[in-house]
Structure formats: C-alpha cells, structure tokens
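Novice: quick one: sequence plus predicted model below, questions after.
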Amino acid sequence: MASHTDRKAPRIEAVKLEKRFGHIHAVRGIDLEVPAGQVLGFLGPNGAGKSTTMRMITGFLEPSSGRVKLEGIDIAEDPIAAKRTFGYLPEGAPAYPDMTVEEFLAFIAAARGFSGRDAKDRVERAIGRVNLQGVRRQAFETLSKGYKRRTGLAQALLHDPGILILDEPTDGLDPNQKFEVRELIKELGGDRAIVLSTHILEEVEAVCTRAVVINKGGIVFDGTPAEMEARAPRDVTKNRMDAAFRAMTTGDVADAAAARTKGGRR
Amino acid sequence: MSTTSAQPRSALALSALARITVVFRREFRSYFQTPLAAVFLVIFLFLAGLFAFNIGGFYERNQADLRPFFQFHPWLYVFLVPAVSMRLWAEERRTGTIELIMTLPFGAADLVIGKFLAAWAFTTVALSLTFPMWITVSWLGNPDHGTIFVAYLASALLAGAFLAVGAFLSALTKNQVIAFVLCAVACFVLLLAGFPAVLDFIRGWAPRGAVEGLASTSALTHYESMMRGVIDLRDVLYFVLVMAAFLVLNVFAIDWKKSD
C-alpha cells in the first residue's frame, strides 16, 4: 500500500466534496489533498461540516457529489481496499461497552486481517503506545473519558496505517494526557498523512504543519498555523489564533469567500 | 510511547468469508458478555417445557411424539426472537460503534450476514438445549426420529426467518424497545396469515385461490407442514427466501439510516 505508491502522491485526495441532508447543504465543495508527512488541523465552529467531511473521507457517508481517493484508491470504487489504508477515530471514540480494552483491540486486529502471534503483537504494541496497560482488562464502559479516547487512538493506530483521521483526539483528556497524545501525533506525523479536527487552537500550533478552517460547509482558510495567526487583526496581541479563527468564521459566507481570495490559500 | 516500527504498513486483505467470520465471532461472543444469553436460555427452555407439558398435554396424549412441544414454538418465537434481534443494529447506532465497524474494511453485506448468522447460531444453541425432550420421548416410547429431526429443522428455520425480519427492523431505529415491538408485530402478522381463525374468516367471501395464496405467505403454514415430518422443498424455500429478502433489505436499511 503505502510503500507501493509514489511518495509525493497525496495520501488523501478529496475533490469537490458536497453533502446535502435533505434541504440542508452541509458541505459545499471541499477540496483537500494531504501528502505524507503532513499533519493537518481541521478547524471550524460546531456544525461547520468537519465531522461530515471526515465521514465522507472515511466512507461512512457517501458524498452527494465529489470523490475521495485514499493512497490512490477511490473509496466509491473499492471501499474495502480503501478502508484498509487508514486508521480512524470517530467523534466520541465509540467502542463496544461490554468488551475489555484487550478484547476490543483483538477484534480490531482480526478485522484488519491479523491473526495468531501477529495479532497479539499488534495489540500489545497499540496498548503500549497509548499507555493502556493499567486498564487492559477493564470493560470499555467502565473507563474514564480519557482512557476511552486512548482506546480509540489505539484502535486507529493498530495496523500502523499511512493515513490517520482523528475526530477530536484530545477531547476529554487532562493536560498531561493531551501533551502525551500531541507528542504521539507529532511522532507519527513523520511519514504519515494525518488529519485531526480540534477546537483547541493551541493544539494546531503545537502539532500541525497545516491548518484548514471551514465555515458553513466551505473552506475559508488553508495555510500554515503561522499564516493563520497572521490573519488576526493587528491590534490583537493575546490569543491571536483565537482572534484569527473568530475573524474567519463569524462573518457570512460571502465575507469568508472574499477573505479567501485575499491570500492564505496555497 | 514507543517508536514507530519497521513492520509492513496497512491492514491485510481478508476474503469475504474471513470478514464474515470476524463479525460473527464478535457478535456471537457479545451474547455471552451480557446477562442476555442466560436470561434468554432460561426463559426459552422454561416456556418451551411449560407449554409442552401444561398446555400441549405432552403426557396426557399418550403419544410418543414431540408435537405438543413444537406446536408452540412459533408463539414463543414471536416475543423471544425480537429480544435477540432488537439490539443487532439499534445498539450499534446508539453507542456510535456503527461508524467504527462501517469504516473498518468490511462490506455492508459482511456485517449484515455475520450479525444475522451469530443471532441465528445463538437461537439454535437455545433450541438444541431442548434435546432432553427428545431423550424423554425416546425413553417413554418409540417416536419417529425422522419427524422430530425435521420438526427441529423447521423450528430453526422459523427462528432464522423471524431473526432476519427483526435484524432489518433493528436497522431502522436507534431505540431497542421500538425494534422489539416492530419485530414482534411483524412476526405475529407473518404467523396470523396462516392462522385457521383468520383463514376461515376470509374464506367466507374471498375466492379459494386468494385464501390459499394468503396462507402460503404465512410462516405458520410452512412450519406446520414441516412439523408433520415432511421436507417439502417449497417450505424450505419459503424460509430461505424470507431470510434472503430481509437480509438484502437490511443492507439497504443500514446504508440509509446509519448516520441518523
């Protein structure tokens, strides 16, 4: 998979993604290309279409129009092959409540095609990577929010994919856990394509090499975190990322489109 | 946090059968991770016995067969099968795990078939635990073992058909109680179409062909025909077709309702 494809070819390629739910136009023509080595912070207010976009990239939702390719495989044409290429942490990090962490990860290993020793090794490594040793025999429903999130991360990392799609990976973690997960993402980012959504803008500065802001279903900013910060009004000195975010997402779509043409997009 | 490994990237390809097996094993085990399995097995075995002995007159008939035992299975299944099928999809949607399994390298059909087979295997385990009935009747007299075997087959097929209906209905809702009620009603209707009282009522005014047509859509007609010990291909085909039709509907239903 990853090793067979051209290193420069985008791992994730989304073209003109649109999603309508009845009369609600949730995503309006999103284009996204993510090459290996990029950690993309996907930002936007609640309801802007972040999760919907991630769900279309992972094949959970079918786009109303547009296409998605993962490591060159079109997800509409060969969904099963495309789904092998990525690890995905869905919003809220769902897992089976009655299963223990170990059982759950063993199921994921089986679903990813590993068996016997290989499967055991994968589970062990995933547990080690996100420090789940202490709760490995606990039922998922009895875990704290932080451990649930980490189990979700372990699940996404288990098959060592070239693409990681993480919907709010640090939500519900305490500051120490957030730090650990950020370090992990930075470490993983080296040769993977990572898309993570978050509401924490300092996180974007800390781990992301690229920031994409969406508002009302469309991209309003696409650039480096530094470029994003530069978009804050001049007079703002503190929390400049927050100010930039507010400037981009509180205007209406016309303003945002106008702002987009002014620069920042690459 | 350990460093990245040198192992090959990405997941391995699995055959359709292997994928279904993975889904089946998780689902089948899940019955035994909750009290559901124990509660279901105890109630099924208790009621199957109670109906056979108290209402069916198992001893009083003085016949070495299991008719009084099998004749109540359809009515038992009307409310016990929904208890098994209601959680199949409704639970996945409630906990959000549907998003997880549908973004793992499975096809929708793998999930539908794997889950259905697990539920069916579970009700078949429950059914097979009634084997002491067979032993008892063999010990008391000389039953026709062929008839009993076919009746067991009929009972398993009936449970399978009901489960397929219930799995489909479970995919339509997040609410397990609604899934239960819908399934119980649907199974009841499937039985009722072949119930003598209903057929007699229609016979008064409808043409003969219509009455027979209605009866042939009923699971009860086909079940009772098999219960007599005759394997008629049409009866087996009926159950297989009901299962296949609802499994196909199930695939459409999860695609349609998964993100609600």
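Specialist: Thanks, I have the structure now. A quick note: this is a predicted structure, and the numbers were derived from the prediction, not measured.
Novice: how close does the residue of chain A most remote from its centre sit to chain B?
Specialist: Seen from the C-alpha centroid of chain A, the residue lying at the greatest distance (C-alpha atoms, centre = their mean) is A:D235, 32.4 Å away. Using C-beta to the nearest C-beta, to the nearest Å, we find A:D235 at a distance of 41 Å from chain B. Every C-beta, even on glycine, is put in place using the N, C-alpha and C of the backbone.
Novice: mind checking the SS state of that residue?
Specialist: Using DSSP: H, G, I helix; E, B strand; the rest coil, the structure places A:D235 in coil.
Novice: so where is chain B shaky, pLDDT-wise?
Specialist: Across chain B, the ranges flagged by pLDDT under 70 are B:1-11, B:259-260.
Novice: my read: B:V84 touches B:G166, true?
Specialist: Yes: using C-beta atoms under 8 Å, B:V84 makes contact with B:G166 at a distance of 7.3 Å.
Novice: look at these two and report which has more neighbours.
Specialist: It is B:G166, of B:V84 and B:G166, that has more neighbours when counted by other C-beta atoms under 10 Å in any protein chain shown, with 31 against 28.
Novice: residue boundaries of the helices in the stretch 51-200 of chain B?
Specialist: Counting by DSSP state H, counting those that start in this stretch, one finds helices in the stretch 51-200 of chain B at the ranges B:67-70, B:73-85, B:87-95, B:97-101, B:108-128, B:131-140, B:145-170, B:176-192, B:196-203.
Novice: out of these, which is closest to chain A?
Specialist: Chain A sits nearest to helix B:97-101 of all the helices of the stretch 51-200 of chain B, at 4.2 Å, using C-beta to the nearest C-beta.
Novice: close to chain A, is that closest one?
Specialist: Yes: Helix B:97-101 lies within reach of chain A by C-beta under 8 Å from any C-beta of the partner chain, at B:97, B:99-101.
Novice: for that helix, enumerate the helices and strands it packs against.
Specialist: Packed against helix B:97-101, as judged by 3 or more C-beta pairs under 8 Å, 6 or more residues apart in numbering or on different chains; DSSP states H and E, are the following elements: helix B:87-95.
Novice: check whether the helix it packs on contacts chain A.
Specialist: Yes: against chain A, helix B:87-95 shows contacts by C-beta under 8 Å from any C-beta at B:T95.
Novice: show residues contacting that helix.
Specialist: Under the contact criterion C-beta atoms under 8 Å, 6 or more residues apart in numbering or on different chains, helix B:87-95 has outside partners A:94-97, B:27, B:36, B:97-98, B:101, B:115-116, B:119, B:166-167, B:170-171, B:173-176, B:178-179, B:250, B:253-254, B:257-258, B:260.
Novice: quick one: that helix to helix B:176-192, angle?
Specialist: Taking axes from the mean of the first three to the mean of the last three C-alpha atoms, to 10 degrees, one finds helix B:87-95 and helix B:176-192 inclined to each other by 160 degrees.
Novice: specify the angle between helix B:87-95 and helix B:145-170 in degrees.
Specialist: Angle between the axes of helix B:87-95 and helix B:145-170 is 20 degrees (criterion: the same axes, to 10 degrees).
Novice: what about chain A, any weak spots by pLDDT?
Specialist: In chain A, residues with pLDDT under 70: A:1-8, A:251-266.
Novice: and it, what are its domains?
Specialist: A:2-85+A:162-262, A:100-160 (automatic domain parsing).
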